[in-house]
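*Asks:* This is the structure alone, sequence omitted:
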Ligand SMILES: Nc1ncnc2c1ncn2[C@@H]1O[C@H](COP(=O)(O)OP(=O)(O)OP(=O)(O)O)[C@@H](O)[C@H]1O
């Protein structure tokens, strides 16, 4: 997949810009706080309709504007496509080739992106919520139907939580909670099974990529830790019964606390290197490499599932990688994956290995081409 042109209007600190981005590697260089991350974020939002930095869409709209617009011309095997996303206080609207999409889940998946930024370290170090968000975003762009299940689940969960809160520790009328329990378990199982099969595929890629990056010395294992444990191949009915049993076991606690305590919203992921938990025992470098291996694994997984390589967005991470890892990264994806990179200085970039690159200068929401094509 290729992004050939990007247009922004009232997006963060960009008033109006139009940028041709048809090179294989696009490097955005500039001082701090000029809009480099905003640019990568815009590509990410164009693809996924959500930012990796904030849950509040309002923040994406330029301070002097009412509506932010992102538009991108995409080249894919399926044929060219113009994607347009508008964000205002009334919500988001998405168009594909000029046609408005009724559901955002029908729009997501048109463009695939993998973003790697310093904060991705939190996928390894942070709370389970960060890992669930990572899973949901990545699964959603490969299997858009997953987003539908997820939104169904979230609605059910909100309603069930409201009921638990209203009861305020008092017993509920018989059968009232059970109506929600069955629905929660049915949709919850769908999500858990999709997560499990996704993590299994991701694990296979991440393990071999991590071995490559570490020169064969480290064996990374990524595992799913579902809130209701299950093994591969178990039938839905067995899993349903186990889910319902767990709900029964925690019912009193749920009534007391007013929240649902069982289901995919309590899932987690674990990482081990040579059998030891990376979150607890891993060095900073091992945690960073684990996050990088995960992201690179996603690129291969998307290529396998979608039949095309996604875009790679690298936000301010080149300077964090030593020359060996940079070369490794560039050589692995050179010629296959269109890459967008931000950096504060070109001295950290290993130009010897780059082919078909363009360099852009970003300054206070303006972007100029410094050099493009073979001369870089
Ligand atoms: N909604 C908004 N409207 C206008 N400007 C905004 C908005 N949100 C953020 N900004 C501005 O965008 C700039 C930050 O841009 P960005 O995060 O892309 O920086 P950067 O160039 O990546 O810097 P660094 O190298 O420090 O990461 C800041 O000047 C901030 O004030």
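*Replies:* Now that the structure is in, tell me what you want to look at. Keep in mind the model is a prediction, meaning the values are calculated, not measured.
*Asks:* I'd assumed residue 189 was in a strand, is it?
*Replies:* No. Using DSSP: H, G, I helix; E, B strand; the rest coil, the assignment for residue 189 is helix, not a strand.
*Asks:* Just list the residues touching it, thanks.
*Replies:* 236, 239-240, 243 (CB atoms under 8 Å, 6 or more residues apart in numbering). Any C-beta I mention is one placed from the backbone N, CA and C, and that applies to glycine too.
*Asks:* So which of the residues you listed is the closest to residue 111?
*Replies:* Taking CB to CB as the measure, residue 111 lies nearest residue 236 of the contacts of residue 189, at 32.9 Å.
*Asks:* Next, find the distance separating the closest one from the ligand.
*Replies:* Applying CB to the nearest ligand atom, to the nearest Å, the value for residue 236 to the ligand is 45 Å.
*Asks:* Leaving out chain neighbours, which residue sits closest to that residue?
*Replies:* Nearest residue to residue 236, sequence neighbours excluded (CB to CB, 6 or more residues apart in numbering): residue 189, at 5.7 Å.
*Asks:* same deal with residue 177?
*Replies:* residue 163 (6.5 Å).
*Asks:* That neighbour: what's it in contact with?
*Replies:* 172, 176-177, 180.
*Asks:* Please repeat the previous calculation with a cut-off of 10 Å.
*Replies:* 172, 176-177, 179-180, 255, 258, 260 (CB atoms under 10 Å, 6 or more residues apart in numbering).
*Asks:* next one: residue 199
*Replies:* 135, 139, 206, 222-226, 267, 269.
*Asks:* Would the helix or strand harbouring residue 114 count as contacting the ligand?
*Replies:* Applying DSSP states H and E as the criterion places residue 114 in strand 113-116. No. Strand 113-116 does not reach the ligand (CB under 6 Å from any ligand atom); its nearest approach is 12.9 Å.
*Asks:* buried stuff in that strand?
*Replies:* Neighbour-count burial for strand 113-116 flags 113-116 (criterion: 16 or more other CB atoms under 10 Å).
*Asks:* okay if I get those residues as TSV plus pLDDT?
*Replies:* As requested, the buried residues of strand 113-116 are exported to TSV (pLDDT from 0 to 100):
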residue	pLDDT
113	96
114	96
115	95
116	92
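*Asks:* which one of these is nearest residue 284?
*Replies:* residue 116 (16.2 Å).
*Asks:* Skipping adjacent residues, who's closest to that closest one in space?
*Replies:* Looking at residue 116 with CB to CB, 6+ apart, the closest residue is residue 295, at 4.5 Å.
*Asks:* count of neighbours near that neighbour?
*Replies:* 23 (other CB atoms under 10 Å).
*Asks:* Name all residues that make contact with residue 71.
*Replies:* So residue 71 contacts 5-9, 18, 42, 46, 82-86, 95 (CB under 10 Å, 6+ apart).
*Asks:* Which phi and psi values does residue 17 adopt?
*Replies:* Backbone torsions for residue 17, taken as degrees, to the nearest 10, come to phi -140, psi 150.
*Asks:* Run through the residues that contact it.
*Replies:* Neighbours of residue 17 in contact, by CB under 10 Å, 6+ apart: 6-9, 11, 35, 39, 42, 362, 365-367.
*Asks:* hmm, back to that, now the residue nearest to residue 177, what's its secondary structure?
*Replies:* helix.
*Asks:* packing partners for the helix or strand of the chain with the lowest mean pLDDT?
*Replies:* Using mean pLDDT, DSSP states H and E, the weakest-scoring helix or strand in the chain turns out to be helix 323-333, at a mean of 74. If you count contacts as 3 or more CB pairs under 10 Å, 6 or more residues apart in numbering; DSSP states H and E, helix 323-333 packs onto helix 176-213, helix 284-306, strand 311-315, strand 339-343.
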